[in-house]
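Novice: only geometry, no sequence info:
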């Protein structure tokens with residue numbers, strides 16, 4: 001059972017790393033080619049949603065960052 005959890009955790013970690021790389025690539029392509037895929041606009045919309053929520057949004061963003069840095 002423990003080996004199954006380790007396998008799933010490894011798979012999720014690999015997928016997360018792949019998605020992080022794709023987001024960074026999307027940002028670089030957006031900067032070089034005038035945001036062709038809309039990645040920068042999507043990140044701006046996401047950040048504005050956190051900002052519109054006021055203190056609760058800031059707290060949620062802080063929790064996400066702390067949770068991500070914990071690993």
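Specialist: All right, it came through fine. None of these values were measured; they are calculated from a predicted model. Numbers count the residues shown, from 1 in each chain.

Novice: Tell me where the protein is predicted with low confidence.
Specialist: Scanning the chain for pLDDT under 70 picks out 71.

Novice: Centroid-nearest residue for it?
Specialist: In the chain, the centroid-proximal residue (C-alpha atoms, centre = their mean) is residue 20; its distance is 6.6 Å.

Novice: just to confirm, which helix or strand has that residue in it?
Specialist: Secondary-structure assignment from DSSP states H and E places residue 20 in helix 2-32.

Novice: do the same with residue 36
Specialist: Using DSSP H and E, residue 36 sits in no helix or strand.

Novice: For it, list the residues it contacts.
Specialist: Neighbouring residues of residue 36 by C-beta atoms under 8 Å, 6 or more residues apart in numbering: 29, 30. All C-beta atoms are positioned from the backbone trio N, CA, C, and that covers glycine.

Novice: State the distance from the residue nearest to the centre of the chain to residue 44.
Specialist: Between residue 20 and residue 44 the computed distance is 18 Å (C-beta to C-beta, to the nearest Å).

Novice: just residue 66 next, same as before
Specialist: Distance of residue 66 to residue 44, computed by C-beta to C-beta: 23 Å.

Novice: heading toward the C-terminus, what's the first helix or strand past the helix holding residue 20?
Specialist: Following helix 2-32 in sequence, per DSSP H and E, is helix 39-52.

Novice: Follow the chain on from that next one and name the next helix or strand.
Specialist: Moving toward the C-terminus from helix 39-52, the next helix or strand (DSSP H and E) is helix 55-70.
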